[in-house]
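Asks: Provided below for reference: sequence and predicted model.
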Amino acid sequence: MRRRDDGFAGGTLGAEVLGVDIASNLVAAGRQRAIAEGLGNCKFQEGDASNLHDLKDRSFDLVVTIFGAMFAPKPFDVAKEMVR
């Protein structure tokens, strides 16, 4: 079995996955890939990682970022959002 090391790994195991990105083209690419791989449990939406006001506190079991905080103008705000 091939080991996945991308954002879809949890989705292939049945987890509900939400991808958030500020770039609409990356959100669209994620949606297209999820559809192509038959992963209806993977959702994508546009959002600013430093202000995810539309997502409830304590609504995620795990948060993963690859470059989200590194290139953000306000990395400490991103960190605060990740742990709430």
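Replies: Received, thanks. Residues are numbered from 1 along each chain as shown.

Asks: Tell me the buried residues in stretch 27-44?
Replies: 27, 30, 33-34, 39, 42-44 (16 or more other Cβ atoms under 10 Å). Placement of C-beta: from N, CA and C, glycine included.

Asks: so for the helix or strand hosting residue 34, what's the average pLDDT?
Replies: Using DSSP states H and E, residue 34 falls within helix 24-36. Mean per-residue pLDDT for helix 24-36: 95.

Asks: Relative to residue 65, how far out is the residue nearest to residue 68 when sequence neighbours are not counted?
Replies: Leaving out its chain neighbours, the residue that sits closest to residue 68 by Cβ to Cβ, 6 or more residues apart in numbering is residue 49, at 4.8 Å. Separation of residue 49 from residue 65 (Cβ to Cβ, to the nearest Å): 7 Å.

Asks: Which one's more surrounded, those two?
Replies: Taking neighbours as other Cβ atoms under 10 Å, residue 49 and residue 65 compare with residue 49 leading, 21 against 15.

Asks: in the chain, which spans are helices?
Replies: 9-12, 24-36, 75-83 (DSSP state H).

Asks: Now tabulate those in TSV and tack on distance to residue 55.
Replies: Putting those into TSV (distance: least, Cβ to Cβ, whole Å) gives the following:
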stretch	distance to residue 55
helix 9-12	17
helix 24-36	15
helix 75-83	8
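
Asks: among those helices, which is nearest residue 61?
Replies: helix 9-12 (9.5 Å; Cβ to Cβ).

Asks: about what we covered before: could you pull up the contacting residues of the residue nearest to residue 68?
Replies: Contact analysis of residue 49 by Cβ atoms under 8 Å, 6 or more residues apart in numbering lists 20, 22, 65, 68-69, 72, 78, 81-82.

Asks: Among these, which one sits closest to residue 57?
Replies: residue 81 (10.0 Å).

Asks: Around residue 17, how many other residues sit close by?
Replies: The number of residues near residue 17, taken as other Cβ under 10 Å, comes to 21.

Asks: Identify the bridge partners of it.
Replies: residue 42 (DSSP bridges).

Asks: Could you report the separation of residue 69 from residue 25?
Replies: 20 Å.
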